[in-house]
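Undergrad: This is a predicted model, with the sequence first.
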Amino acid sequence: MKSLIGSFIGLVLSISVGAEPLLEGQVRLSSGQPAAGVQVRLFDLTDLRRFVGTTTDETGHFALPLRTFSTVRGMALPTHFALGQNFPNPFNPSTIIPYQLPTSAHVRLEVFNLLGQRLATLVDAEQAAGIHTAQWDATDAAGRAVGAGVYIYRLSSGEQTESRRMVLVDGQAGIPAVGAAPRSVRSAVEGAVEADGSVYGLTVSGAGLVAYVNPTFRVGVDEVDIVVEEHSGARMKLAADGVLGDVDGNGQVDVFDVLYVLLYSVDPSIVLPNNGDISRGDVNGDGLVDVADGGLLLRYLSNPFDPALPPDIGQDSDGTLDGATPVDLGSSTDGSLSEGDEDLFVIEMSDSGTLTVYTTGSTDTYGFIFDSSGNVLEENDDGGEGWNFRVSASVSAGTYYIQVGGFETGDYTLHVVGPLDLVVAASVSDSTLAFEQPFTLRATVRNQGGGEPEPTVLFYYSSTDATITSDDTQISADVVNLETSDLVTKSLSLTAPAEAGTYYYGVCVQSVSGEHNPDNNCSDAVRVTVSSEFAFTPSTSTLSHMYWTDPDTGIIYRANLDGSNAEPLITRSNEALLGLALDVAGGQIYWTAIDLTITPRKDGLCTRS
């Protein structure tokens with residue numbers, strides 16, 4: 001009888017033509033001794049009800065018959081079509097894409113670049129109802145590795161289509177974790193096992209051992225030289241807090257938790273890493289931790305906002321999704337991205353308007369805004385300063401999630417701004433004044449929210465106390481236009497009172513349509529002290545403005561002496577203005593102009609054009 005044998009590090013795949021294929025490997029303790037009598041199982045992650053298991057011999061060797069899968073009962077089928085977020089994400093060199101089907105159907109799972117060009121077809125087959133996964137190794141249909149960047153994956157079945165995005169980071173894209181088998185062996189393995197290249201979950205458990213799981217095991221590619229840790233002490237740690245579904249205590253719900261739950265359903269004696277709490281695996285609240293919970297966890301990974309899921313999966317003791325950090329409008333939150341990391345934030349919006357979030361820092365970030373159902377409202381990469389993202393979405397009152405990821409590791413600061421929100425600050429050129437001394441009251445108007453406000457009015461006030469309101473004495477007004485800038489500075493020239501005392505000045509900006517918080521539109525008061533003890537020598541000039549010409553446009557400009565409030569004063573069409581003379585006493589302006597419509601001729605005469 002002919003046979004094909006492919007050898008890997010710690011792995012022998014033995015396939016005899018016409019015989020059952022075996023997955024063989026070795027399990028040893030961290031001390032180097034063989035792990036005898038431990039249980040090795042392989043779960044089919046395309047159908048969690050199916051698994052195959054065996055026990056290692058005295059040398060730690062095992063052989064799994066790949067066609068002899070048992071069926072675990074008790075997992076409910078999905079109720080609707082859904083495509084999950086890939087994991088890990090960002091990734092390199094490969095990633096797992098989960099999805100679920102409520103009924104048997106022909107499905108296609110494809111990968112596209114941002115130009116819409118199809119790179120690879122991962123699934124194109126009839127599949128049974130249930131939870132499925134597919135793997136992409138960052139290669140195109142020809143097997144060529146693709147570059148780092150953002151890619152779109154799309155699941156379609158009949159008239160149903162869903163798409164998501166994933167991020168490939170720099171590294172060995174397209175290169176498997178260990179050396180690949182010769183093509184003939186791989187073909188034999190794939191033909192003998194699963195035609196669609198299924199991904200399996202490999203588990204190892206035994207008395208006195210910390211349970212081992214590998215949720216992305218690939219038959220014919222990954223090595224099976226398993227090292228397990230010995231454990232002593234309490235077997236299980238029960239905790240009142242933590243994330244529901246996070247049984248291994250790493251702070252998040254992931255496919256590792258799915259495998260630990262499946263393993264516990266067939267071997268309740270397992271010991272979890274990190275002193276994990278298996279009770280967190282009872283996500284359906286029936287008092288059992290079984291394959292039904294594993295199915296719900298995998299559905300959660302496919303779509304954490306699935307309304308058919310128990311409401312508390314992925315939530316910690318403060319009720320946020322997977323430990324999402326609460327943020328508020330106007331807040332700035334420092335964060336740090338490690339390899340494969342994505343940070344999640346949650347915000348409660350009390351009103352409708354525009355929600356804007358962005359990062360600052362040197363890290364290359366990308367960001368998403370999700371609604372409470374997990375739908376992507378907006379996403380962005382590099383829309384902010386440098387390599388930072390800036391993204392805005394129209395929102396109504398409710399809960400929203402912000403996800404921050406990066407194409408590299410590093411620190412960042414997340415800024416959250418809401419709908420239109422005008423704020424104003426006031427200052428003075430001098431706060432200790434003599435009688436009738438001139439001074440300048442300055443105002444800075446800023447939109448600390450999102451969106452573009454309409455022009456509005458800035459009011460200058462004097463007050464008898466330290467609180468500025470629109471009920472104070474109005475002394476002037478000006479127009480503010482924030483169409484082209486998030487910040488505008490205005491100023492007003494004033495004269496100190498002729499009596500000693502303490503005076504207060506400030507500004508208020510008129511609220512605009514759609515503004516989030518109209519209650520913060522007045523500045524704090526600026527205190528000015530007027531006293532006879534202060535000396536002031538008036539200038540011999542009564543000039544209160546400066547003037548200049550632009551010879552190219554024929555415009556005379558005027559501004560305050562501090563350069564603020566620059567505005568065109570006189571416009572002369574078809575003239576070049578070359579000089580200015582001011583008659584301060586008489587209030588006159590004189591200038592020299594050249595008529596640009598007169599063209600000199602070679603004979604010295606002029607011709608009007």
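TA: Done, it's in. In this text, all values refer to a predicted model and were calculated from it rather than measured experimentally.
Undergrad: so who does residue 430 touch?
TA: Shown in contact with residue 430 (C-beta atoms under 8 Å, 6 or more residues apart in numbering): 437, 439. All C-beta atoms are positioned from the backbone trio N, CA, C, and that covers glycine.
Undergrad: try 10 Å this time
TA: Applying C-beta atoms under 10 Å, 6 or more residues apart in numbering to residue 430 gives the contacts 437, 438, 439, 440, 496, 528, 529, 534, 536.
Undergrad: for residue 397, same thing?
TA: By C-beta under 10 Å, 6+ apart, the residues touching residue 397 are 348, 349, 350, 351, 352, 353.
Undergrad: Top of those by number of neighbours, please.
TA: When neighbours are taken as other C-beta atoms under 10 Å, the top entry among the contacts of residue 397 is residue 353 (22 neighbours).
Undergrad: How about it: which residues does it bridge to?
TA: residue 395 (DSSP bridges).
Undergrad: Surely it and residue 453 touch.
TA: No: at 11.5 Å, residue 353 does not count as touching residue 453 under the criterion of C-beta atoms under 10 Å.
Undergrad: Need the residues touching each of these two.
TA: 420, 421, 514, 515.
Undergrad: how would you label the third one: helix, strand or coil?
TA: Secondary structure for residue 514, judged by DSSP: H, G, I helix; E, B strand; the rest coil, is coil.
Undergrad: on that earlier part again, out of the contacts of residue 430, which is nearest to residue 337?
TA: Distance to residue 337 across those (C-beta to C-beta) is lowest for residue 440, with 45.6 Å.
Undergrad: residues contacting that closest one?
TA: By C-beta under 10 Å, 6+ apart, the contact set of residue 440 is 427, 428, 429, 430, 491, 492, 493, 494, 560, 561, 562, 564.
Undergrad: what about it, which helix or strand?
TA: In this structure, residue 440 sits in strand 438-447 according to DSSP states H and E.
Undergrad: burial of residue 406, as a residue count?
TA: Residue 406 is flanked by 29 other residues according to other C-beta under 10 Å.
Undergrad: That one contacts residue 150, correct?
TA: No: using C-beta under 10 Å, residue 406 and residue 150 do not qualify as a contacting pair, with a distance of 11.9 Å.
Undergrad: Could you list the paired strands of the strand holding residue 440 along with their orientation?
TA: In the sheet, strand 438-447 lines up against strand 422-428 (antiparallel), strand 487-495 (antiparallel) (DSSP bridges).
Undergrad: Highest mean neighbour count across those strands, which stretch is it?
TA: Each of those was scored by mean neighbour count; the highest is strand 422-428, a mean of 19, by mean count of other C-beta atoms under 10 Å.
Undergrad: what are the pairing partners of the helix or strand following that one, and which direction each?
TA: Counting by DSSP H and E, the next helix or strand C-terminal to strand 422-428 is strand 432-433. With DSSP bridges as the test, strand 432-433 is paired with strand 526-530 (parallel).
Undergrad: which of the residues in the strand it pairs with are buried?
TA: Neighbour-count burial for strand 526-530 flags 526, 528, 530 (criterion: 16 or more other C-beta atoms under 10 Å).
Undergrad: do the same with stretch 47-63
TA: By neighbour count on 16+ other C-beta under 10 Å, the buried set for stretch 47-63 is 47, 48, 49, 50, 51, 52, 53, 54, 56, 60, 62.
Undergrad: which one of those sits closest to residue 216?
TA: residue 48 (15.0 Å).
Undergrad: got a list of what that closest one touches?
TA: For residue 48, the contacting residues are 72, 74-75, 130-131, 201, 258-259, 261-262, 265, 291-292, 294-295, 297-298, by C-beta under 10 Å, 6+ apart.
Undergrad: Narrow those to those in strands?
TA: Assigned to strands by DSSP state E, the following of the contacts of residue 48 qualify: 130, 131, 201.
Undergrad: got the contact list for the last one?
TA: It refers to residue 201. Neighbouring residues of residue 201 by C-beta under 10 Å, 6+ apart: 41-45, 48, 51, 133, 213-217, 255-256, 258-260, 262-263, 294.
Undergrad: Swap in 7 Å and give it another go.
TA: Listed by C-beta atoms under 7 Å, 6 or more residues apart in numbering, the contact set of residue 201 reads 43, 45, 213, 214, 215, 217, 259.
Undergrad: What segments of this structure are helices?
TA: Here the chain has its helices, by DSSP state H, at 183-192, 255-266, 291-302.
Undergrad: Residues touching the second one, excluding its own?
TA: Put plainly, it is helix 255-266. Contact with helix 255-266 is made by 41, 43, 48, 72, 87, 96, 201, 203, 205, 211, 213, 215, 245-248, 270, 272, 278, 281, 289-291, 293-294, 297-298, 301, as judged by C-beta under 7 Å, 6+ apart.
Undergrad: mind running it again at 8 Å?
TA: By C-beta under 8 Å, 6+ apart, helix 255-266 touches 41, 43, 45, 48, 51, 53, 72, 87, 96, 98, 201, 203, 205, 211, 213, 215-216, 245-248, 250, 270, 272, 276, 278, 281, 289-291, 293-294, 297-298, 301.
Undergrad: what number of residues lie near the closest residue to residue 254 other than its chain neighbours?
TA: Once flanking residues are discounted, residue 254 sits nearest to residue 87: 6.4 Å by C-beta to C-beta, 6 or more residues apart in numbering. Residues near residue 87, counting by other C-beta under 10 Å, number 19.
Undergrad: ok, now residue 362?
TA: Residue 362: 12 neighbours (other C-beta under 10 Å).
Undergrad: Spatially, what comes nearest to it if we skip its sequence neighbours?
TA: Going by C-beta to C-beta, 6+ apart, residue 362 has residue 410 as its nearest residue, at 6.4 Å.
Undergrad: Please, where are all the strands along the stretch 151-300 of the chain?
TA: Secondary structure of the stretch 151-300 of the chain, counting by DSSP state E, counting those that start in this stretch: strands at 160-168, 200-205, 212-217, 225-228.
Undergrad: what residues go with each domain of the chain?
TA: 3-73+193-302, 325-417, 422-530, 545-600 (automatic domain parsing).
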